[in-house]
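Participant: quick one: sequence plus predicted model below, questions after.
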Amino acid sequence: MVLNIILGFIVPWIFGVALYLKDKKILLTIAPFSSILAYMVNELCFHLNFWRLIPVYIEDDYTSISVNLGLYPILGCYLIYYISRKYINSYLVIFIFTLATTVVEYLAFLFKLVTYGNGWNIGFTFISYLIPYLLIYWYYLKLKIIKIF
């Protein structure tokens with residue numbers, strides 16, 4: 001559980017503070033939306049027994065709260081930060097973020113930090129990251145339309 005807190009919350013928020021110093025608006029608008037998406041996806045998949053985080057004997061809400069409030073919101077913020085600052089195709093950035101996040105989760109799977117069940121596999125994991133990243137990007141586009149960005 002300590003590992004979940006360090007890797008899922010403390011380390012990401014070190015990068016979150018760095019991003020806050022660069023662009024407050026991205027962090028304050030994208031992080032809450034990303035956190036809600038992370039919570040919804042994790043709760044659905046925990047309920048359907050698609051995956052579990054270590055330690056598996058602790059209630060799923062407790063094992064995932066650090067990544068729902070730390071890792072995933074910060075990744076969503078950096079996704080938008082790079083899309084808004086770089087002059088490359090937004091969907092390519094989304095693909096790179098999705099692939100990188102999937103690779104990191106696959107490493108967590110290999111090290112038994114994550115377990116899969118009910119037919120879940122790394123391909124589904126890719127899709128489970130792609131859809132929220134797309135939703136975050138489309139949310140950002142809507143915020144641009146109403147002149148938040």
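Facilitator: Received the coordinates, thanks. In this text the structure is predicted, and so the values were computed from the model without any measurement.

Participant: where exactly do the strands run in this protein?
Facilitator: For the chain, applying DSSP state E gives strands covering 51-53, 114-116.

Participant: so which helix or strand of this protein has the lowest pLDDT on average?
Facilitator: helix 60-66 (a mean of 79; mean pLDDT, DSSP states H and E).

Participant: contacts only, for the spatially most central residue of the chain.
Facilitator: Central residue of the chain (Cα atoms, centre = their mean): Tyr72, 2.6 Å from the mean position. The contact partners of Tyr72, taken as Cβ atoms under 8 Å, 6 or more residues apart in numbering, are 34-35, 37-38, 132. (C-beta placed from N, C-alpha, C; glycine too.)

Participant: go again with 7 Å.
Facilitator: By Cβ atoms under 7 Å, 6 or more residues apart in numbering, Tyr72 lies in contact with 34-35, 38.

Participant: where in the chain is pLDDT low?
Facilitator: 56-61 (pLDDT under 70).
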